[in-house]
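Engineer: Would you be able to build a 3D model of this:
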Amino acid sequence: MKTKHILLPFAVIFLSTAAYAQKAIYSYAVGNWRNGPTVEISPLFETSEMYTTPQVIQWVREQWPAFFTDTTDIDVLFFTDIEGGQENRQTLKAKYGLRKLPVHLIEADPMPRTPPTPARAAPASGAPQ
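Structural biologist: Numbers count the residues shown, from 1 in each chain. Predicted coordinates:
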């Protein structure tokens with residue numbers, strides 16, 4: 001019984017620190033990827049495992065509204081390293097070139113980064129929670 005009381009605080013501390021230890025990952029978004037008219041490819045940006053795909057899509061639409069506001073379809077690809085993400089962007093551009101779809105690679109320097117925590121979405125009813 002005493003062992004449980006001793007181990008419980010350590011378990012709580014461990015679990016709380018694990019929740020805050022989010023690894024950095026890299027991502028980019030692809031808009032109008034099915035049939036164009038112009039395929040939009042965002043720059044590679046840094047995010048964390050805390051973000052879900054819909055949250056990343058919302059952030060991308062806010063970050064580059066001229067390119068992603070009116071996209072008919074948008075997808076996000078995630079990578080563990082910068083090199084893999086950059087190589088994949090170039091490969092994807094070449095593949096769309098083979099399909100004869102125009103591709104617009106958006107460039108940004110320095111690399112964009114999502115905020116440390118995702119924005120909370122408003123409840124569907126608009127009522128406070």
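Engineer: Can you name the residues bridging to residue 30?
Structural biologist: Taking DSSP bridges as the rule, residue 30 bridges to residue 41, residue 75.
Engineer: so residue 55 is in which element?
Structural biologist: helix 53-63 (DSSP states H and E).
Engineer: From the chain's centroid, how far away is the helix or strand that comes right after that helix?
Structural biologist: Counting by DSSP H and E, the element after helix 53-63 in chain order, helix or strand, is helix 65-68. Computed by Cα atoms, centre = their mean, to the nearest Å, the chain-centroid distance of helix 65-68 equals 16 Å.
Engineer: in helix 65-68, what's buried?
Structural biologist: 67-68 (16 or more other Cβ atoms under 10 Å). (C-beta placed from N, C-alpha, C; glycine too.)
Engineer: name the helices or strands packed onto it?
Structural biologist: strand 24-31 (3 or more Cβ pairs under 8 Å, 6 or more residues apart in numbering; DSSP states H and E).
Engineer: For the strand it packs on, the averaged confidence score.
Structural biologist: For strand 24-31, mean pLDDT is 95.
Engineer: ok, residue 36 - contacts?
Structural biologist: 101-102 (Cβ atoms under 8 Å, 6 or more residues apart in numbering).
Engineer: ok, and it, which helix or strand is that part of?
Structural biologist: Residue 36 belongs to no helix or strand, assigned by DSSP H and E.
Engineer: sorry, back to before: which secondary structure elements does the helix holding residue 55 contact?
Structural biologist: Helix 53-63 packs on strand 24-31, strand 45-48, strand 74-79, going by 3+ Cβ pairs under 8 Å, 6+ apart.
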